[in-house]
Structures are given as structure tokens and as C-alpha cells.
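# What would the 3D arrangement of this be:
(chains A and B)
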Amino acid sequence: MAWHQSSDFTTAVSGGAHDEFKELGIRVVAETSADFDAAKQKSDVETIEAKRPSVLLTLPVDPVVTASAFKAAARQGTKIVLLSEVPQGMEYGRDYVDLVTDDLFQMGKRAADALAAAVGDKGKIGYFFHDANHYVTNKRDQAFLTTVTGNYPGVKVVAKQGIADPTQAGEEANAVILKNPDLSGVYVTFSQPPGEDVLAALRANGNARTKIVSLDLDAPLALDMARGGHTFALIADEPYDLGRAMAVSAAYGLLGRKAPRFVIGPSLTITKSNLVEGYRESLRRYPPASVMKALHK
Amino acid sequence: MRLRAVEPRRYVVYVAFLLIVAFFAVTLHDEGFLSETNLLNIVRQTTPVTVMAVAVVFVLSAGEIDLSLGSVVALSALVTADVMQTQSAVLAVAAGIGVGVGVGAVNGLFVTLLRLPSFLVTLATMGLVAGLARSVTNLESVAVENPGFSNVFGSGNVGPIPSLAFWALGAVALGHLAFRHRRFGAHVVAAGDNAAAARAAGIRVDRVRFTVLLLSGAAAALAGILYTGRLQGASYTLGAQDLLTVYAAVVIGGTRLVGGEGSVVGALVGSLIMGTLTNGLILWGLSSSQQLIAQGVVLLLAIALTFREPMGATA
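Next up is the predicted model:
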């Protein structure tokens, strides 16, 4: 399994795949994380190929520059199951078995609907988008913007801020919040870490009114939500089930049977009222103890 | 006749490399580690780091540092790939190298003319060049469909030997020759060891500093071009993870962080150690987190053995 990064998301996808493979009697021989580095992912795939695996599950870091690695693996006879994106020039059935993906538009739309609900369908909002070439986040961000501007005329996007380095979003968040203290809500491209940075910036600026909607479950934001703080909703997918689906598709490939061209996973909107169920459904576990304690206060 | 004392720590890196290879060879003998394909993969995967490591031996030995390496990799790769969309491969490669030489020259001029620390200058250019790399194609990756270019700079072979191996060996051979057997290498070491004494001895220290930073920029640009050939495309994220790997390889190889001592062959072995470790740990089936822990432990051991003070030495 050659993943694009290490995160709660990939841990859950990998966990689902491991469990399904175990039931199918398929052994996992190697697992890597490329930390969003396309060159490292190519090296990772080449190294894994030395073990002559029957199957490779992956989320490509970059559809252009990692394509040569996946094409080479496919030529060696490895059955490839893709998550979220198809590398350039790869064809369904010939080069890969199946594409498993979230409904990225739906996730962005859910975020827009949730933020509109949080601000009562009117008010000024800020938009923190991922300023990088990454298919998954780009699609979700665009879907949010399209929906919120198209469906909610009372909601005005008054601040747009790109986050180039997700680990350094604090400065951008501070600047936007300082310049726009009257924001009713903000959309943040994903929770960990930019969503956490925006939350910290709101607290540091003494802002008590701005609501946050972000994507992916994240403990600090979930705790804030449980305490009735800034975080109004988190939009999550079901990565564990995505992993299971990838493993099943891989088995189709091994048996020489045609898997569906796409498998699309569902998403859910998690608010304080369904936080526990949301954790169970998305990550197959209960929220952290601190979140449970805050919910029961 | 006087015999020179042998310093065992100088050779620790070579022994460490052999031990790591032997360990993986035994434990992964039926997992493809020793297969020709896998061993050549390690060479291919480490070549860009090796090329940069050779230049960094000069930079560190001269008492300087270059933090802009990773950003230059990305910008040079993107400029090469972009120019190749409309122009010849030769012009594209020249443009890519030009990027590195240009950034190296800017670094060198700021360090020598304005007497600024290379750490701060290259920290600034690191950000500046990374920003340019992001804007030059507006974050889009650029595919390269030029088989001749890809064969020479990344994906091709000469017989069973990958073309990348020749770039690595060429860089190491030239670097070793210049460092050990030419006056320039001695001047670099003298400038890094004691700049005032080097000046008193007639060495043009500023010229040495300018040259090593220029060399470093050019090597990073070449690494970017090699990535472009290997990946058959370029993206603004290339090289982002390389900075620490390059410096780790160089320091493990016996080059002092504070200047005055270096080893080009040691840097090659350091680079191979980094690549072999990553490769072997993946083949072992460790998770990503376990791989990082194991890499950290092995590197700590290698550095402790290479740099520990001899018994009885005082601080």
C-alpha cells in the first residue's frame, strides 16, 4: 500500500484494507507514506515492486509526475486499486482495477449547507482554501464556493485566503480574523492542522462569534464542538469503508473479474448532536475521552 | 619513517554501510532486497541526493550552509519541463541549470559583498525561490514527453547500468578530485577551518565562499533536472523533503557541520546509507511510523559512532 501521507484518514483507510485483506486471506507485505512528495512516492512504489506484490493500493500524490511509477507497476502485472485520483494516461481495466473515491462535490456542498445553517443563511464569511495542486482538497473547496455563492445569496464571502503550507496556517488565520472581526463564519479546507490554527486564532483574538465548518474529524475541533465553542460542523467521509472497498476491488482484480469503474463512498455532516455516532460511522471508534467528558457535562 | 595514526572513526561510515547492507541481505534474502532491480533502484533513488551532497561537502567544509537547495530543485525542474514544451531539450537543460547558477550567484553575492551569514541569506532565498516555483506554472505539474531527455537524465540505461548512476559517479569523481587533489579543495578546507589564517596565507576566502554557493545552486539545479527525467515531469513539491536528507548524508559521511573537514566519498556512502535504510525498512514491511523510528535510531547510532570524542579527550 503506497499512501500519499500519514494522517487519521490514511490510518483508517489502511485499517479497513488490512481487516478486509485478513478476511480474504491476503497478506500485506509493505506499506509506505510519501508525505506529499511525488519523487518519494515513485521510489516507494519501485521498492514495493521488488517484492513482486499481486496488488497495490494507492492514493497518487500527483497525477502527472507519479504516473510513470504506477504504469511501470501495472506493466509488471500488479493489480492497482486507486483512491481519489487516476494518474495521467492510465486506463480503467488495462492499468488499474478500480477507482474508489469520496463524493468530493457532495462534501464541499455539505460544508456550504452547514455553514449557511450556522450563520442563519445570512452574514459575512471567510473562506480558507488549500492553495496547492491537490485534487481532493481543490474539488472540495470549489464545491463549497460554488454552493455557498450559488445557493445562499444572503451569505457573502468577504475574505478568501489560500493556505499554501497547511502546517503554517496560523499567520494567515490571524491576519484574516484581525482584518475581519465581524465574520459570522469561516470555512476551512481541512481540520488538521489548518482548522486547528483557525480555531486558535479566533481564541487568541478574543473572537466569540465566528463559527467554523471544516472537513475531516479532528480531536481538538471535536472537543471545541462538544464544549459548544466555535466549531459548528465537521464534514467527514468514511475512510475505513473506503479501505475495505479498495481491498474488495483488489480481490476482484486477482480473480480476473471486472470491478466497477468507480466506487463512491458516502459522507456525513457531524455536529454536536451526532458527534459520537459520527465518530463511530467515520473512524469506527468512539471520540477521545476528553470529548466524551465534555459532551456529558 | 613515521606512520600516520589511523583514526577509526573516519571509517565508521563505511563499516556502518556494509553492516546495514549485510543485515538487510540476510534478513530480506528472499524478499527481493538483493535483486539486481532493487539494488539499481537504490542507486536511481539516491542519485539526486548524492549530486547535491557532493556540493554540500564543499559548502559545509567552507564553513557555509545552503538552505535553498530544495527550492532550487523545484524551480529548476519546472523551468526545464516548461521550456521543453516549446524548445529543445538542450535549451531546457541550460535554462534549468541557469536557474541554479543564478540563485547560487545571488546567495554568493549577498554572503560575500554584504557580509551576511549564509544561513540567513539562503533561508530568505529558500522562501523566495519556493514562491517562484509555485507561481511559475500556477501550481500545475508539467509532464515531459521527450524520450531522449528522459533516457539521458533519468529513465534510461547503458547496458544494465541506469543512466542516473553515471551522473552520481561523475559528480562524486569530479567532487573528490577537486576536493582532495586540487588546490581549490585545500582552499575550501582552509577557509572553513580558520578564515583569518586562510586570508593571511593569501587565500581569497570570499571567492571560495562565492564559488561553493554557486556550485551548490548548480548541483541542486542538476538534481531538479534528474528528477524531471526520472519522473517524466516536474512539480513544485519536488525537493521539498531533500534538504535534511542531503545534510544528514553529508554529515554521516564525515563532513563537519562547522567547516574545515569533509569527505566526498563519505557523502556518497552517507547518501547510500539513507537510501538503503529506507528501501530495506519498506521491504521489511514496517509501517510508516515504524520506518521513521528505525531510521532515527540507526542514524543516531551512526552519528554517535562517527562523531564521538576519543577516550580521554577534553571539551
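# List the contacts of the spatially most central residue of chain A.
The structure's chain A has its C-alpha centroid closest to A:Asp216; by C-alpha atoms, centre = their mean the separation is 5.8 Å. Going by C-beta atoms under 8 Å, 6 or more residues apart in numbering or on different chains, A:Asp216 touches A:8-9, A:190-192, A:195, A:234-237. Every residue, glycine included, has its C-beta placed from N, CA and C.
# OK, contacts around the residue of the stretch 151-297 of chain A found nearest chain B?
For the stretch 151-297 of chain A, the residue closest to chain B is A:Ala164, as judged by C-beta to the nearest C-beta, at 6.9 Å. By C-beta under 8 Å, 6+ apart, the contact set of A:Ala164 is A:131-132, B:134.
# Tell me the pLDDT of it.
Listed pLDDT for A:Ala164 reads 84.
# try B:Glu7
At B:Glu7, the predicted lDDT confidence score is 65.
# ok, A:Val119 to chain B distance?
30 Å (C-beta to the nearest C-beta, to the nearest Å).
# Looks like that residue contacts A:Ile212 (just checking).
No. With contact defined as C-beta atoms under 8 Å, A:Val119 does not reach A:Ile212; the gap is 11.2 Å.
# Quick check: chain neighbours aside, which residue is closest to the residue nearest to the centre of chain A?
Counting by C-beta to C-beta, 6 or more residues apart in numbering or on different chains, A:Ser191 is the residue found nearest to A:Asp216 once chain neighbours are left out, at 4.6 Å.
# Please list the residues of the stretch 1-150 of chain B that sit near chain A.
Within the stretch 1-150 of chain B, the positions near chain A by C-beta under 8 Å from any C-beta of the partner chain are B:31-33, B:35, B:37-38, B:41, B:44-45, B:48, B:134, B:139-143.
# same thing but 7 Å
Residues of the stretch 1-150 of chain B found near chain A (C-beta under 7 Å from any C-beta of the partner chain) are B:31-32, B:35, B:37-38, B:41, B:45, B:134, B:139-141, B:143.
# Now do the nearest residue to A:Pro194 once chain neighbours are set aside: how many residues are near it, please.
Once flanking residues are discounted, A:Pro194 sits nearest to A:Ala169: 3.8 Å by C-beta to C-beta, 6+ apart. Look at A:Ala169: counted by other C-beta atoms under 10 Å in any protein chain shown, it has 25 neighbours.
# ok, A:Ala169 to A:Phe144 distance?
In this view, A:Ala169 and A:Phe144 are 17 Å apart by C-beta to C-beta, to the nearest Å.
# and the helix or strand bottoming out on mean pLDDT in chain A, how far out from the chain's middle?
The helix or strand of chain A with the poorest confidence is helix A:169-179; it has a mean of 88 (mean pLDDT, DSSP states H and E). Chain-centre distance of helix A:169-179: 23 Å, with C-alpha atoms, centre = their mean, to the nearest Å.
# Show me the contact partners of it.
The contact list for helix A:169-179 (C-beta atoms under 7 Å, 6 or more residues apart in numbering or on different chains) reads A:126, A:159, A:161, A:163, A:193-194, A:197-198, A:200-202, A:205, A:207.
# all helices in the stretch 151-297 of chain A, in order from the N-terminus.
Along the stretch 151-297 of chain A, counting by DSSP state H, counting those that start in this stretch, helices occupy A:169-179, A:196-204, A:219-226, A:239-255, A:275-283, A:289-295.
# among those helices, which is nearest B:Gly262?
Closest to B:Gly262 of the helices of the stretch 151-297 of chain A, according to C-beta to C-beta: helix A:169-179, at 37.3 Å.
# ok, and does the helix or strand harbouring B:Ile282 reach over to chain A?
Per DSSP states H and E, B:Ile282 falls inside helix B:264-283. Yes. For helix B:264-283, a contact with chain A is found by C-beta under 7 Å from any C-beta, at B:279, B:282-283.
# Remind me what that helix packs against, helices and strands.
On a contact count with 3 or more C-beta pairs under 7 Å, 6 or more residues apart in numbering or on different chains; DSSP states H and E, helix B:264-283 meets helix A:38-49, helix B:12-27, helix B:36-61, helix B:163-181, helix B:242-252, helix B:288-307.
# distance between that helix and the chain's centre?
That offset, for helix B:264-283, works out to 12 Å (C-alpha atoms, centre = their mean).
# Over to stretch A:14-24?
Distance of stretch A:14-24 from the chain centroid (C-alpha atoms, centre = their mean) equals 20 Å.
# Which residues in it does the neighbour count mark as buried?
Using 16 or more other C-beta atoms under 10 Å in any protein chain shown as the burial criterion, the residues of stretch A:14-24 that qualify are A:14-18, A:20-21.
# Just put those in a markdown table and tack on distance to B:Phe23.
Below are these laid out as a markdown table (distance: C-beta to C-beta, whole Å):
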| residue | distance to B:Phe23 |
| --- | --- |
| A:Ser14 | 27 |
| A:Gly15 | 30 |
| A:Gly16 | 33 |
| A:Ala17 | 29 |
| A:His18 | 27 |
| A:Glu20 | 33 |
| A:Phe21 | 28 |
